[in-house]
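# Please find the sequence and the predicted model below.
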Amino acid sequence: MLKILGILMVFTGCSLTGIMIDLNYRKRVKELEELIYALECLKGEISYKLSPLQEASAIIGQQMRYGIGEIFTTFAGHLNEKSIDDVYTLWQKSLTSTAYSLHFNEDDYNKLDEFGRGLGYLDKHMQEVNIELYLSKFKNILDKALKEQEKSSKLRTGMGILIGACISILII
């Protein structure tokens, strides 16, 4: 009886692990899509509404979800405090304080960090160019993530189930 219970627990645990790994990749794709939308909105706020960076970040922070809004809300709060003159340092603080709630990988964070180097440093036109540059970079990252998810989504789930089945057979 205990052996059967152990087999069921191992099989269920391995299967759920494979499913959870796949779910994290799916969340990353959704967050990348939301980030691209946030950058497009930021460009619109700066270009057409002529909003200052602090105000534009606050507006975008309220509109976005999946933790992306939290980055911009935190950034707007840091800009409002004006404790540090360097906008890049405030952007880094915002990224590190919200990293726990996102499913980005290291490359995504590096690109976000690079994006922060150009924030508040340049005039309006150069801000637009900087946002366009990183929009194209994040669109490429999203395309790669979608292809990877499509290619290996079933693999991750199936591997979890198969590993659980193999361990269960070994226990028998």
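Thanks, I have it. Numbering: from 1, shown residues only.
# So residue 73: helix, strand or coil?
helix (DSSP: H, G, I helix; E, B strand; the rest coil).
# Isn't it up against residue 61?
Yes: under the criterion of C-beta atoms under 8 Å, residue 73 makes contact with residue 61 at 3.2 Å. Using the backbone N, CA and C atoms, a C-beta is placed for each residue, glycine as well.
# OK, contacts around the nearest residue to residue 51 once chain neighbours are set aside?
For residue 51, ignoring the flanking residues on the chain, the nearest one in space by C-beta to C-beta, 6 or more residues apart in numbering is residue 45 at 4.5 Å. By C-beta atoms under 8 Å, 6 or more residues apart in numbering, the contact list for residue 45 reads 51, 55, 56, 59, 60.
# out of those residues, who has the most neighbours?
The most crowded member of these, judged by other C-beta atoms under 10 Å, is residue 60 (25 neighbours).
# Counting by contacts, list what the helix or strand harbouring that one packs against.
Assessed by DSSP states H and E, residue 60 sits inside helix 53-63. Contacts defined by 3 or more C-beta pairs under 8 Å, 6 or more residues apart in numbering; DSSP states H and E place helix 53-63 against helix 2-47, helix 68-81.
# hey, which of those helices is tucked in deepest?
Most buried of these by mean neighbour count (mean count of other C-beta atoms under 10 Å) is helix 68-81; its value is a mean of 20.
# residues making contact with it?
In contact with helix 68-81 (C-beta under 8 Å, 6+ apart) are residues 31, 34-35, 38, 42, 53-55, 57-58, 60-64, 84, 87, 90-91, 93-95, 97-98, 101-102, 112.
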